[in-house]
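>>> I would like to see how this sequence folds:
(2 chains)
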Amino acid sequence: MKLPLALLNLRHNVNKTLLSAAGIGTAILLIFIQLGFRGAVENTAVIIYQELEFDCLVRSADYLHFVSANQFPQSILDEIAGMPEVRQVRPFQVSLGNWLHPRGLNQRGVIVMGVDPFDSPFRLERVNKQLSNLQSSHQVLIDRQTHPEFGPANGISFAAEDVGRTTEVSGKSVVIAGLFDLGTGLTANGAILTSRSGFSRLVPRTNDQQVSLGLISLQSNIEVQAFVAQLQQKFLTPSGHPMVEILTRDATLEYETNRWVSETPIGFIFTLGVLIAFVVGAAIVYMVLASDVANRTREYATLKAMGYSNGYLNRVVLGQSMYLSLFAFFPAWGLALGVYQLTSQLANVPIEMNNARVVFVLILSLAMSILSGGLAVRKLWQAQPADLF
Amino acid sequence: MSTKNAGVAVTLFRAWILAWKNLTHDVRKLILAAAGVGFAVMLMFQQRGFNHALFDSTVELIQQLDGDLILVSESRFALSSEMRFPRTVMDIARSCTGVASANSVFLEHSQAKLRREGQRERPIRVIAFDLDIPVFRDNNQEIQSAQTKLQRPQAAIMDRLSKENYGFDLTNLDAEIQTGELAGQQIQIVGGFTMGRDFAHDGNLIMSIDNFRRYFKYRGPDPTTMVDLGVVRCDPKIDPLDVKSVLAEQIPQGVMVLSQSDYVAQEVAFWARSTPIGMIFAIGSIMGFCVGVIICYQVLATDIADHLGEFATLKAMGYGQTFFAGVVLSQSLLLCLFGFIPGFFATLLLFEVNSAFTGLIMLVTPVRAGVIFLFTLIMCVCSGVLAMRKLLTNDPANLF
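Modelled structure (predicted):
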C-alpha cells in the first residue's frame, strides 16, 4: 500500500505550506509580470500595422521601422498596380513630426501618417468614417490615445471638444478636424492622420513622387508567397540589388516585432527579467524543499530501511514540489491579472494576458519545481538508512 | 536607570552572540539563506539599474560636456528633438561679463544617415564643434588625439559603443581607416571615442565644423547658422550662478540658460514623465522587495521552528522578551549583511553582462547602492518582526 505521502507532507503543516506557496507564487507572479511587459512591447510594435489592409508590402531598401520607413518612387507602385494579380495598391505615408501644444507651450514628437481619405487603407470602420473630415491639406485627425502632454482641451485626452482647435505641426499650421482610435506604439506618444497632400505639406523633403509604404491587396486566388517572390525578381537594380523590399503581411509584422524585441534594449531587459524570476523561483522552491527534506530525514530513513526505493522518495519529493508549484500557480495567475491592469493604468501601456503565456508560465513553474525538487532529493539518495539517524 | 540600560545592553549583546551562532552553526544553511537574500538584492539592483541606465545613457552627452552653463532652445523638449537656436545668441553670450568662452555644438540625427557598403543606411548622431576649443571632458584624450586627423575633409571618429549593425568594425577603429557613406557622401572613420547609445540614438560620430557643413547642406546656405547646444565656461573668479542670471537677461527669448545638472534633471524628467519606463521598473523593484521579505521570513521562521526547544528552555530559564526580540532582529540584520554583500558583487557582474549586450551604461553609484542597502535592511527587519511574533506570544510550556 502506498500513501499519498507528498500530499500528506503538505497537509501536515498547513501554515508552512501556505508560506512556501506564497514564496513560489511571488516568483511565478514575477515571471508573469516580466512576460507581460515583453508582450506589451511586442503588441505595441505592430499596433498600427495590424489595422492596415494589405497582403504584401513594398518599402524602401533602407526601411528601418514603421516611423523611420524612408521613401521609394511611386512609379514602382504604379507598375505593380497594373499587374493582373493585384486587386488594389494603396500608398501610405508615415514620418515623425513635431506637434506644438495648442496653447503654444511646448512641442512633442508625433507620428504623422498620410493616406487617401477616399480610399482608406485602414481595416477599422471607426477610423474610415472619420477620414471624410479631411477635406483640405490643413486638416488633421488626432489619435484619442495621444498623451495628455500634447494639450487636449480637457487636459486628459483628445475628445470631441478639441475638433476645430488649431496648432502647428513641424512649424506648419493645422486644424484638428476629427479623432481616430489606433494607439501610437513606442516611438511617439501621439499620432495624427492627414491626406497625402497634407503629409507633403507637414513633412519636409517629401513629394507626391515618393512614398513610405505600398500596401498591396491581391486577388483572392493568388498565392501571396509566390507573388512576393515574383515581385522581388522583377524590381532589381542593374547591378542585381533589390530596388525595394517586398514582404508578406506575416513577414512585415514579424520584422517589426523582432526589431523592438531584439534590436532595442527593451526586449533584452524583459527576457533577462524572466530568467532572473525563474532562478529566484527555483531558489525559493529549493529552500522550501531542502528544509522540509531535512526536517523529515528520519521518516525518510525509516522508509528507506523498510525497503522503499530511491524512486519512491523521488516521487514523494518531486510530487511535493509540483503540488506546491500548482498551489502557487493559480493565485499568482489571478494576481498577475490585477498587476497587469494596474500597470496598464499607471504606465499607459496595454498589458494583456493570453492563453499561450498562461501555458508557458505553467510549464516554467513545473520546470522550476522539478529542477529544485531534483536538487533537494539528491541528498536522500546518497544516504544509507543507517547514516540518516 | 543606567544599570537598567546597561542590563539591556548586556542582554542585546548576548542576543547578538546567539544570533551569530544560530546563523553560522550550519554553514550550508547559511549559504542558502544568504543566496536567497542575495537574489532579492540582485533583483532590486537589476530593476533600479535598468531604470537608471535608460536615463543615464540619454544624458551621457550632456554629462560629458565640459562647461559651467548650457544654452539650449526652449522648444528642445528632449535632446533628441532637433530644436535649435540662432548662432548670434552665442555672440551675445560671449560678450557677457563673466563668460570666459562660449562654444557651439552642432548635432544632427534625422538627416545623418550612415551606410556601410552592402548595409542598410541607419541614422547616427553627428556631433560637431570647434576642435581647437574642446567642448567635451574627453577623459581618455581620445578626441584630442584625433584632432589632426579630424581636420581632413570627410573625416570623422566613431563611438566605440555604437551598434554593430552599422557594419563598422568597432574594435578596430584606431588601427585602420574604414569608409562608408554619410548623407550620400563618402565618409572616412579615422578613429574612435567613447560615449554610448540610448533610446533615440544607436551611435555617434564626431567631426569638424567644416566637415559638418559639407554633409548637412540641407540646413541652409550656411548649415551652422542654427546651434543645437551652447557650452559656456565662466570666469573662474565669478560665481556661475551670477553669470547665469546675467546671461538669462541678455539672451533673447526662446533660449534657456541651464547649469549642467539642471539640464540633466530636465532631460531625465522628460523621459520619466512621457515614457512608462519609471513605472515599469518601480513595479519590478517592489516585486524584488516582496520576494526578499518572503525569502528572509522563510529563513527566520524555519530557524525559529528548528530551535523551538532551545528557545523554550531559555524562556523557562528566565530570559525575557527583549532577549528573544534581540535574537531574531540580530539574525535578520546579519542576514541582511550576508545577503547584501554577495548580492552586490553578483550585481556588478550582471551589469557588465547587461552593458555588453545592450550598450547601455550601467552604473552603481554609492548613493544607488546605499538606497538598495536601505531597502534590504527594511526588508530583513520587516521579516524579522513578522517571524518574531510567534516566539513572543508563546508560553514556554506551549513551546514543547
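
>>> show me where chain B has its strands.
For chain B, strands defined by DSSP state E occupy the ranges B:69-73, B:85-86, B:99-108, B:113-115, B:122-123, B:125-128, B:155-159, B:178-182, B:185-193, B:204-207, B:226-227, B:229-234, B:255-259.

>>> cool, the stretch 51-200 of chain A as well?
Residue ranges of the strands in the stretch 51-200 of chain A, as given by DSSP state E, counting those that start in this stretch, are A:56-60, A:72-73, A:86-100, A:107-115, A:139-143, A:166-169, A:172-180, A:191-195.

>>> can you tell which of those strands is closest to residue A:125?
strand A:172-180 (11.2 Å; C-beta to C-beta). Where you see a C-beta, it was placed from the backbone N, CA and C, and this is true even at glycine.

>>> now do the buried residues in that closest one.
For strand A:172-180, the neighbour count (16 or more other C-beta atoms under 10 Å in any protein chain shown) marks A:174, A:176-180 as buried.

>>> low-confidence ranges in the chain?
No chain was given, so I picked chain A. Within chain A, the segments meeting pLDDT under 70 span A:1-3, A:347-348, A:383-389.

>>> wait, chain B
Scanning chain B for pLDDT under 70 picks out B:1-3, B:276, B:393-400.

>>> what about 50?
Applying pLDDT under 50 to chain B flags the ranges B:400.

>>> identify whichever of the strands of the stretch 51-200 of chain A lies nearest to chain B.
Minimum separation from chain B across these (C-beta to the nearest C-beta) falls at strand A:107-115, 5.2 Å.

>>> one step back: out of the strands of the stretch 51-200 of chain A, which is the most enclosed?
strand A:191-195 (a mean of 27; mean count of other C-beta atoms under 10 Å in any protein chain shown).

>>> hmm, back to that, CSV for the strands of the stretch 51-200 of chain A, including distance to chain B?
Output for those, formatted as CSV (distance: least, C-beta to the nearest C-beta, whole Å):
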stretch, distance to chain B
strand A:56-60, 9
strand A:72-73, 13
strand A:86-100, 7
strand A:107-115, 5
strand A:139-143, 15
strand A:166-169, 11
strand A:172-180, 15
strand A:191-195, 14
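
>>> figure out which of the strands of chain B is closest to residue A:300.
strand B:155-159 (60.2 Å).

>>> strand partners (parallel or antiparallel) of the closest one?
strand B:185-193 (parallel), strand B:204-207 (antiparallel) (DSSP bridges).

>>> tell me which of those sits most buried.
Note that of the strands paired with strand B:155-159, strand B:204-207 is the most buried (mean count of other C-beta under 10 Å), with a mean of 26.

>>> what residues does that one touch?
B:61, B:112, B:114, B:124-128, B:143, B:146, B:150, B:155-159, B:162, B:182, B:187, B:189, B:193, B:195, B:197, B:215 (C-beta atoms under 8 Å, 6 or more residues apart in numbering or on different chains).

>>> select only the buried ones of these in PyMOL?
Burial among the contacts of strand B:204-207 is assessed by 16+ other C-beta under 10 Å; the matching PyMOL selection reads:
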select buried, chain B and resi 61+112+114+124+125+126+127+128+143+146+150+155+156+157+158+159+162+182+187+189+193+195+197+215
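
>>> quick revisit: the strands of chain B: which one's closest to residue A:362?
Proximity to residue A:362 (C-beta to C-beta) singles out strand B:122-123 among these, at 40.4 Å.

>>> distance check, the residue nearest to the spatial centre of chain A against chain B.
Nearest to the mean C-alpha position of chain A, by C-alpha atoms, centre = their mean, lies residue A:42 at 2.2 Å. Using C-beta to the nearest C-beta, to the nearest Å, one gets 15 Å for the distance from residue A:42 to chain B.

>>> give me the neighbour count for the residue in the stretch 301-400 of chain B that chain A sits nearest to.
For the stretch 301-400 of chain B, the residue closest to chain A is residue B:358, as judged by C-beta to the nearest C-beta, at 3.8 Å. Per other C-beta atoms under 10 Å in any protein chain shown, the neighbour tally for residue B:358 reads 21.

>>> how many neighbours does residue B:119 have?
Residues near residue B:119, counting by other C-beta under 10 Å, number 15.

>>> got TSV for the strands paired with strand B:155-159, with distance to residue B:233 too?
Below are those laid out as TSV (distance: least, C-beta to C-beta, whole Å):
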stretch	distance to residue B:233
strand B:185-193	21
strand B:204-207	19
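
>>> wait, which of these is closest to residue B:288?
Proximity to residue B:288 (C-beta to C-beta) singles out strand B:204-207 among the strands paired with strand B:155-159, at 33.2 Å.

>>> for the closest one, C-alpha coordinates in CSV please.
Output of strand B:204-207 as CSV, limited to C-alpha atoms (Å, rounded to 0.1, in the frame of the first residue of the first chain):
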residue,chain,number,x,y,z
ASN,B,204,27.7,58.7,-32.5
LEU,B,205,30.2,60.4,-34.9
ILE,B,206,32.3,63.4,-34.1
MET,B,207,33.6,65.7,-36.9
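
>>> run through the bridge partners of residue A:108.
Beta bridges link residue A:108 to residue A:99 when assigned by DSSP bridges.

>>> in contact with it, which residues?
Counted by C-beta under 8 Å, 6+ apart, residue A:108 has contacts A:98-99, A:101, A:147, A:149-150, A:188-190, B:77, B:274.

>>> isn't the residue of the stretch 301-400 of chain B closest to chain A right next to residue A:266, touching?
No - when contacts are counted by C-beta atoms under 8 Å, residue B:358 is not listed as touching residue A:266 (9.1 Å).

>>> check contacts around residue B:145.
residue B:191.

>>> can you pull the residues of the stretch 251-389 of chain A lying near chain B?
Within reach of chain B by C-beta under 8 Å from any C-beta of the partner chain, the stretch 251-389 of chain A has these residues: A:263-265, A:268-269, A:272-273, A:276, A:279-280, A:283-284, A:286-288, A:290-291, A:295, A:339, A:343, A:346-349.

>>> from residue A:226, how far out is the closest residue to residue B:193 other than its chain neighbours?
Spatially, and ignoring its direct neighbours in sequence, residue B:193 is nearest to residue B:142 (4.2 Å; C-beta to C-beta, 6 or more residues apart in numbering or on different chains). According to C-beta to C-beta, to the nearest Å, residue B:142 and residue A:226 sit 53 Å apart.

>>> who has more neighbours out of these two?
More neighbours surround residue B:142 than the other of residue B:142 and residue A:226, with 19 against 10 (other C-beta under 10 Å).

>>> from residue A:69, how far off is the more buried one?
35 Å.

>>> repeat that for residue A:357.
30 Å.

>>> how far off centre is stretch B:262-271?
Put simply, stretch B:262-271 sits 13 Å off its chain's centre (C-alpha atoms, centre = their mean, to the nearest Å).

>>> correction: stretch B:169-181
Relative to its parent chain, stretch B:169-181 has a centroid offset of 29 Å by C-alpha atoms, centre = their mean.

>>> what do you get for stretch B:168-179?
29 Å.

>>> which residues touch the closest residue to the residue of the stretch 301-400 of chain B closest to chain A other than its chain neighbours?
Closest residue to residue B:358 apart from its sequence neighbours, by C-beta to C-beta, 6+ apart: residue A:265 at 3.8 Å. Shown in contact with residue A:265 (C-beta under 8 Å, 6+ apart): B:53-54, B:358-360.
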